[in-house]
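# no sequence on this one, just coordinates:
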């Protein structure tokens, strides 16, 4: 198609619905994988803090694997590899419940947990040792000290790094297209193939990703300012 006409896409009801669906699926995959990653990262950090080489070696191996194997390979490993080993009944159930999105959330969440765990570990190292001793003196158990005293401070210290990796996770959600998830990039590619307006299609995707990542960074900056104000007040 000749001539720039972005409204040929935006003004088309069908394409608009496809874009809305793509954005919604992108946010769903991002939110699900972020929650999984953060929950697992906290668990990995708690395990690493336990005495014993077995747990520390397991966490170190987990982090090394997920940080050194490409995310796209991990996505395909879960969708084409792990899925084929599941019982047939479970495979059918997953196929009926958007298995592509489910495995995308799992793969991205497991991968990102390695980065979040290292961010939190760095933040925990910045917490004064006296905080641990004080929490134990107040009667907190190991779990209680981690939950109520140490982890909140570690999360605040690791805030900038967590925000950066959160933005990376959002952008990496586009890799889910490779296993058939109908997220934003997949939808835009479909629109481009039907309209032959490559520039307009990918310009829309670029702008949507840009706005979303800038919003994530703005939220992170707001939390950082609030953190500094709380520290100054205390």
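Received the coordinates, thanks. Bear in mind the structure is a predicted one, so any value in this text is a computation, not a measurement.

# Not counting stretch 41-54 itself, show me its contacts.
The contact list for stretch 41-54, computed with CB atoms under 8 Å, 6 or more residues apart in numbering, reads 55-56, 58-60, 62-63, 112-117, 119-121, 124, 143, 146, 151, 154. Every C-beta, even on glycine, is put in place using the N, C-alpha and C of the backbone.

# Pull the distance from whichever helix or strand residue 39 is part of to the chain's centre.
Here residue 39 sits within helix 13-49, counting by DSSP states H and E. Distance, stretch centre to chain centre, for helix 13-49: 5 Å (CA atoms, centre = their mean, to the nearest Å).

# same thing with stretch 166-175?
The answer for stretch 166-175 is 7 Å, by CA atoms, centre = their mean.

# pLDDT below threshold where in this protein?
Low-confidence segments of the chain (pLDDT under 70): 1-2, 234.

# give me the element the residue nearest to residue 165 when sequence neighbours are not counted is part of.
Leaving out its chain neighbours, the residue that sits closest to residue 165 by CB to CB, 6 or more residues apart in numbering is residue 115, at 4.7 Å. Assigned by DSSP H and E, residue 115 belongs to helix 99-125.

# quick one on the thing from earlier: right, and the residue nearest to residue 165 touches residue 163 too?
No: if you go by CB atoms under 8 Å, residue 115 and residue 163 don't touch, sitting 11.9 Å apart.

# which of those two has more neighbours?
Between residue 115 and residue 163, residue 115 has the larger neighbour count (other CB atoms under 10 Å), namely 21 against 18.

# List the contacts of that one.
Taking CB under 8 Å, 6+ apart as the test, what residue 115 contacts is 37, 41, 67, 165, 168.

# what about burial for those, which qualify?
By neighbour count, with 16 or more other CB atoms under 10 Å, the contacts of residue 115 hold 37, 41, 165 as buried.

# what ranges do the helices span in the protein?
7-10, 13-49, 53-68, 71-76, 83-85, 88-96, 99-125, 129-137, 142-145, 151-157, 159-172, 184-195, 198-233 (DSSP state H).
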